[in-house]
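Asks: Let me see the structure of the following:
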Amino acid sequence: MPKVTFMPMNQTVEAKDGESILEVAVNHDIPLQHACGGFCACTTCHVLVTAGEKNLSESEEDEEERLDRASGVRLNSRLGCQAKVHGDVTVEIQNEGFGH
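Replies: This is a model prediction of the structure:
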């Protein structure tokens, strides 16, 4: 099973192949905000992928458009609700300064 490490809490949990980063967080009681319920309608589940980016699904146009409107976005930014896990990955939760 793939493993997802959430920073800054440095917590590693197992994920099912194809689960989103948000689903993994919710299933393991990791505090990743998701104001829209995981429907790519906000940016509260914004994470920075610090390792294993190739082990995530490709970002799609909806996610890219949503991130274009967010603040603090970097090249390694993803929305947790859209990034599907297919291998080990490390993400840094960005829970401040991101609006709906």
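
Asks: Does anything pack onto the helix or strand hosting residue 78? Which helices or strands?
Replies: Using DSSP states H and E, residue 78 sits within strand 77-79. Packing partners of strand 77-79 (3 or more C-beta pairs under 8 Å, 6 or more residues apart in numbering; DSSP states H and E): strand 46-51, helix 61-68. The C-beta positions use only the backbone N, C-alpha and C, and glycine is treated the same way.

Asks: Can you tell me the SS state at residue 24?
Replies: helix (DSSP: H, G, I helix; E, B strand; the rest coil).

Asks: If I follow the layout properly, it ends up in contact with residue 15?
Replies: Yes: using C-beta atoms under 8 Å, residue 24 is in contact with residue 15, at 4.4 Å.

Asks: which residues are common contacts for those two?
Replies: Taking C-beta atoms under 8 Å, 6 or more residues apart in numbering as the contact rule, the neighbours common to residue 24 and residue 15 are 4, 85.

Asks: what sits against the spatially most central residue of the chain?
Replies: For the chain, the residue nearest the mean C-alpha position is residue 80 (2.3 Å; C-alpha atoms, centre = their mean). Neighbouring residues of residue 80 by C-beta under 8 Å, 6+ apart: 20, 21, 22, 25, 32, 34, 45, 46, 47, 91.

Asks: Just give me the neighbour total for residue 88.
Replies: Counted by other C-beta atoms under 10 Å, the residues lying close to residue 88 total 15.

Asks: Revised request: answer the last question for residue 75.
Replies: Residues contacting residue 75 under the criterion other C-beta under 10 Å number 7.

Asks: Which residue ranges of this protein form strands?
Replies: Using DSSP state E, the strands of the chain run over 3-7, 11-14, 46-51, 77-79, 89-93.

Asks: Give me whichever of the ones you listed is most buried.
Replies: Comparing the strands of the chain by mean neighbour count (mean count of other C-beta atoms under 10 Å), strand 77-79 ranks first with a mean of 23.

Asks: can you tell me the average pLDDT over it?
Replies: The average of the pLDDT scores along strand 77-79 is 97.

Asks: Repeat that for stretch 84-93.
Replies: If you average the pLDDT over stretch 84-93, you get 98.
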